[in-house]
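Colleague: 3D model of this:
(one chain, ligands or ions: 1)
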Amino acid sequence: MFEFKIAAQSGAARTGTLTLPHGTVETPVFMPVGTQGTVRALSPNDLRSAGATLVLANTYHLHVRPGEQVVEKLGALHRFMGWDRPLLTDSGGFQVFSLEGSRRLDEDGVEFQSHVDGSRRTLTPERATEIQWVLGADIAMAFDHVVPGGADEATARDAMERTLRWLERCGKRHEELRASYVATSLRRKSSPGENVQRSVVASCNQTLWPILQGGTHLALREEGLRRILDLGSWTGLAIGGLSVGEPKPVMYAMLEHLEPKLPALPRYLMGVGFPEDLVAAVERGVDLFDCVAPTRNGRNGSAFTPDGPVNIRNAEHRDDVRPLDASCDCETCTTFSRGYLRHLFMAEELLGLRLLSLHNVRYLIRLAGEMRDAIRRNAFGPWAVEWRRRYLHSGSA
Ligand SMILES: [Zn+2]
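Modeller: You can find the predicted model right below:
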């Protein structure tokens, strides 16, 4: 059910197939972010047309609004958001450590203030696991303690040690939920006519991935990795706490150092998703990515193209008849001119937000597809040189 098969490698870059309860995912893969159970401005049909195979949703946001019990009543997360392909939920750790407002951390968990109604709430490893179980995504993430990119070694060690202790608690709770589901469904099977709720069925088929922390300290990361692998036989591994303010060369060096030590599991680099970072991380053996950049930038009028980012608001596009990206097959690029897209932004029309978000998501999904092709041809190195020559040196924005 949670199989990962590597099909080809080119240097450290690899392509493979991740099998999940709601479908298969070809890697490397970019996951659009559906913060509140929706990828902002895009419908599930838009996501399908963009080729999305895996979508991320935020546990913190769905917990504070509408609440996981509401989502459960409405058929669990897949049915709630009308997305029948694989889903991943984060644990809420990143949000409670990065959102504004007061919070109190102790060994048990984190008490924080809801950004919606100001109420005090607590997330613990057990609660984060239970909420994700109820939401019912294919992949759940362990609850972690995230520190800023520049954290000193003592702070990073403290957070890593806590993350490891919390991982044990998440794993234990996840196993308990699974065991109690299996017991319940066996009882139900023995009384015919009773329908097992779809959400419960989905939850049974959920896996839990650990998150490697350790800041920018190589020795801590190595130690954290060893200890995570000692704690269980996982189906995937996330690398967290990067792309949180440290210089990019630091992140690249970290990935390069870790790569030979990583197991043959799918590797998910959390929160990374600018085109140049995707290429650099795939080059260093990463398989999965998520980032709000394509939709957030899209709503600001910034579009990714093979020739670098384009700001559609610029006056030069006023009467430009060309598509945003002549090589792109998305609805935006096959239907509209740059001049029309600029007009939508200048007139503050909602369609503009949707069209640029759609294009940017499609761009990153196509980029991942191009990388898979280059890896299959064992030509990732030369492909990356050519990609960078065009993307980094000819941008018009
Ligand atoms: Zn496009």
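
Colleague: Please count neighbours and contacts with C-alpha atoms only from this point.
Modeller: Fine.

Colleague: Just say helix, strand or coil for the residue lying closest to residue 104 once chain neighbours are set aside.
Modeller: In this structure, residue 104 finds its nearest non-sequential neighbour in residue 111, 5.0 Å apart by C-alpha to C-alpha, 6 or more residues apart in numbering. Under the three-state scheme (DSSP: H, G, I helix; E, B strand; the rest coil), residue 111 adopts strand.

Colleague: So the residue in the stretch 51-200 of the chain that the ion sits nearest to versus residue 26, what's the distance?
Modeller: In the stretch 51-200 of the chain, the residue that lies nearest the ion is residue 51 (12.0 Å; C-alpha to the ion). Taking C-alpha to C-alpha, to the nearest Å as the measure, residue 51 falls 11 Å from residue 26.

Colleague: And for residue 378?
Modeller: Using C-alpha to C-alpha, we find residue 378 at a distance of 17 Å from residue 26.

Colleague: And residue 322, by the same measure?
Modeller: Residue 322 is 32 Å from residue 26, by C-alpha to C-alpha.

Colleague: Whichever strand or helix holds residue 371: which residues count as buried?
Modeller: According to DSSP states H and E, residue 371 maps onto helix 350-376. Buried residues in helix 350-376, counted by 16 or more other C-alpha atoms under 10 Å: 352-369, 371-376.

Colleague: repeat for stretch 160-173
Modeller: Result for stretch 160-173 [16+ other C-alpha under 10 Å]: buried residues 160-164, 166-171, 173.

Colleague: that older thread, of residue 51 and residue 26, who's got more company?
Modeller: For residue 51 versus residue 26, neighbours defined as other C-alpha atoms under 10 Å are more numerous around residue 26 (22 against 16).

Colleague: what bridges to that one?
Modeller: residue 17 (DSSP bridges).

Colleague: repeat for the one 4 residues further on
Modeller: On DSSP bridges, the residues paired with residue 30 through beta bridges are residue 289.

Colleague: residues touching it, list them.
Modeller: By C-alpha atoms under 8 Å, 6 or more residues apart in numbering, residue 30 lies in contact with 52, 54, 273, 288-290, 364-365, 368.

Colleague: can we see that at 6 Å?
Modeller: 289-290, 365 (C-alpha atoms under 6 Å, 6 or more residues apart in numbering).

Colleague: Just send the residues you listed back as TSV, with distance to residue 37 and pLDDT too.
Modeller: As requested, the contacts of residue 30 are exported to TSV (distance: C-alpha to C-alpha, whole Å; pLDDT from 0 to 100):
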residue	distance to residue 37	pLDDT
289	18	97
290	15	97
365	20	98
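
Colleague: so which of these comes closest to the ion?
Modeller: residue 365 (10.8 Å).

Colleague: Tell me the confidence at the closest residue in space to that closest one that isn't next to it in sequence?
Modeller: Leaving aside its chain neighbours, residue 365 sits nearest to residue 30 (5.8 Å; criterion: C-alpha to C-alpha, 6+ apart). The score at residue 30 is 98. That number is its pLDDT.

Colleague: if we can go back for a sec, count the neighbours of the residue nearest to residue 104 for me.
Modeller: The tally of other residues near residue 111 (other C-alpha under 10 Å) stands at 17.

Colleague: cool, and residue 69?
Modeller: Using other C-alpha under 10 Å: residue 69 sits among 15 other residues.

Colleague: where's it relative to residue 346, distance?
Modeller: Between residue 69 and residue 346 the computed distance is 41 Å (C-alpha to C-alpha).

Colleague: burial count for residue 176?
Modeller: 12.

Colleague: To which secondary structure element is it assigned?
Modeller: helix 153-189.

Colleague: helices and strands around that helix, which ones?
Modeller: Helix 153-189 sits against helix 125-135, with contacts defined as 3 or more C-alpha pairs under 6 Å, 6 or more residues apart in numbering; DSSP states H and E.

Colleague: Past the helix or strand of the chain with the lowest mean pLDDT, which element shows up next along the chain?
Modeller: For the chain, using mean pLDDT, DSSP states H and E, the weakest element among its helices and strands is helix 198-204, scoring a mean of 52. Per DSSP H and E, the first helix or strand lying C-terminal to helix 198-204 is strand 207-209.

Colleague: other SSEs contacting that next one?
Modeller: strand 139-141.

Colleague: Counting by contacts, list what the strand it packs on packs against.
Modeller: Checking 3+ C-alpha pairs under 6 Å, 6+ apart, strand 139-141 ends up next to strand 87-89, strand 207-209.

Colleague: and those strands as TSV, adding mean neighbour count, mean pLDDT and distance to the ion?
Modeller: TSV is the format used below for the helices and strands packed on strand 139-141 (neighbours: other C-alpha atoms under 10 Å; pLDDT from 0 to 100; distance: least, C-alpha to the ion, whole Å):
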stretch	mean neighbour count	mean pLDDT	distance to the ion
strand 87-89	27	98	24
strand 207-209	24	98	33
